[in-house]
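Peer 1: Any chance you can model this:
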Amino acid sequence: MPKFLLMIVGLTAYASALFISNALLDQGVDSQLVRIVVVLIPMLPAAFICGVCIFAIRKLDEMQRKLQFEALALSFVGTALITFSYGFLEAVGFPRISMFAIWPLMAALWFVGVMIGRLRFG
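Peer 2: Sure, this is the predicted structure:
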């Protein structure tokens, strides 16, 4: 199956799992353990999506892998610097930010890294 279709399957499964998880929680779940399991249901397809990304990168040629590696490195260190800096700012009164904000930051920096790499490599 093409990687694009695998990604569509993963994203569809993620959206479905998120909908199911929220619906179950809205009905009310008494047990804390069950609530934890239910709220983490969408992470199964999320893990699948991560696997598809790794599989796709492994299939790239050497130059494209280098570009992706450098983009991911920029994303990793950029996210670390930004989140640590913001953590210090929270200590002086800045509002707390949800951990849900970290993934979009990482993705945006990865995108920036890929664009820089494309300009640099070619």
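Peer 1: Let me know the pLDDT of the nearest residue to residue 44 once chain neighbours are set aside.
Peer 2: Excluding the flanking residues, the one nearest residue 44 by CB to CB, 6 or more residues apart in numbering is residue 17, at 6.6 Å. Quick note: C-beta positions are derived from backbone N, CA and C, even for glycine. We note a pLDDT of 96 for residue 17 in this prediction.
Peer 1: now swap in residue 1 and tell me
Peer 2: Listed pLDDT for residue 1 reads 72.
Peer 1: now swap in residue 30 and tell me
Peer 2: At residue 30, pLDDT is 85.
Peer 1: Neighbours of it, how many?
Peer 2: 6 (other CB atoms under 10 Å).
Peer 1: Secondary structure element holding the most centrally placed residue in the chain?
Peer 2: Against the mean C-alpha coordinate of the chain, by CA atoms, centre = their mean, the closest residue is residue 103 at 4.6 Å. In this structure, residue 103 sits in helix 102-121 according to DSSP states H and E.
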